[in-house]
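# no sequence on hand, only this structure:
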């Protein structure tokens, strides 16, 4: 059954495990049937606030179908349907996901040095591990189609790469559910930029602007570095990445039960 409600008909209702989003007396659910609820009432209330001014809310069989946009509801849905159940890509295949990170890919020429200048948040967080991984992925990339030369990558190097990746994977698993949700969303939406996403939640120095700069550099969208990119494209990409990162940081603040500006945007 499909119904239409206004935000005035939506409310936050206390439940056994926290606070739920309710409309017409029923708890609303995610597409996978999980209740839209969280321990933070501020986080649930923000969903209602985000729908204000966007017209009526269309609900089909207890699931919000329209309007759709990136915000608290999108993040909470990922958390409830995937992260809490260990079904997110990063839990299932962390190594493959990380080795596809564009910040680990090198390109020939001086442009590479300019790209790397934007990866400060990753370097200050991972220190020598990042440099090792970048060297390792560059080396294995160059040998990808030269099977007879793969032996040149020492077995000890492969083993150390495995240990470094496992260490970073454990860092991911130690994050809160909300932090993993943010990392998973940004990784999926911003072309596999896993290390920048993890830096945003693990490195206090990584602001949304620093995050956006890193992603723009990784995806070679900086018009000051690549002549085939228009300045307008760079501005649009930076604005989108920065906005998404700011929304993600807001989600973390609300999940922690805080609405202050402790995490600067």
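The structure has been received and is ready for your questions. Everything numeric here is computed off the predicted structure, so don't read it as measured data.
# mind checking the end-to-end distance for stretch 98-105?
Terminal residues of stretch 98-105 lie 11 Å apart, using C-alpha to C-alpha, to the nearest Å.
# residues of it that come out buried?
By 16 or more other C-beta atoms under 10 Å, the buried positions in stretch 98-105 come out as 98, 99, 100, 101, 102, 103, 104, 105. Where C-beta positions appear, they are placed from N, C-alpha and C, glycine not excepted.
# can I see the domain layout of the chain?
The record's domain parsing of the chain by automatic domain parsing lists 2-81, 90-255.
# okay, the ones you listed in CSV with mean pLDDT next?
Formatted as CSV, those follow (pLDDT from 0 to 100):
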stretch, mean pLDDT
domain 2-81, 94
domain 90-255, 91
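# please enumerate the strands of the protein.
According to DSSP state E, the chain carries its strands in the segments 2-5, 10-15, 18-23, 26-27, 37-38, 57-60, 63-66.
# starting at the chain centroid, how far to the third one?
In this case it means strand 18-23. Put simply, strand 18-23 sits 25 Å off its chain's centre (C-alpha atoms, centre = their mean, to the nearest Å).
# tell me which strands and helices that strand is in contact with?
In this structure, strand 18-23 packs against strand 10-15, strand 37-38, helix 41-51, with contacts taken as 3 or more C-beta pairs under 8 Å, 6 or more residues apart in numbering; DSSP states H and E.
# which of the buried residues of stretch 98-105 sits closest to residue 219?
Of all the buried residues of stretch 98-105, residue 219 sits closest to residue 102, with 6.1 Å by C-beta to C-beta.
# how close does the residue lying closest to that closest one once chain neighbours are set aside sit to residue 200?
In space, and not counting its chain neighbours, residue 102 is closest to residue 218: 4.1 Å by C-beta to C-beta, 6 or more residues apart in numbering. According to C-beta to C-beta, to the nearest Å, residue 218 and residue 200 sit 13 Å apart.
# the more surrounded of the two?
residue 200 (29 against 25; other C-beta atoms under 10 Å).
# what's the pLDDT at residue 262?
Here the pLDDT value assigned to residue 262 is 36.
# so what touches stretch 159-172?
Applying C-beta atoms under 8 Å, 6 or more residues apart in numbering, the contact partners of stretch 159-172 are 90-91, 94-95, 98-99, 126, 129, 132-133, 136, 180, 183, 198, 202.
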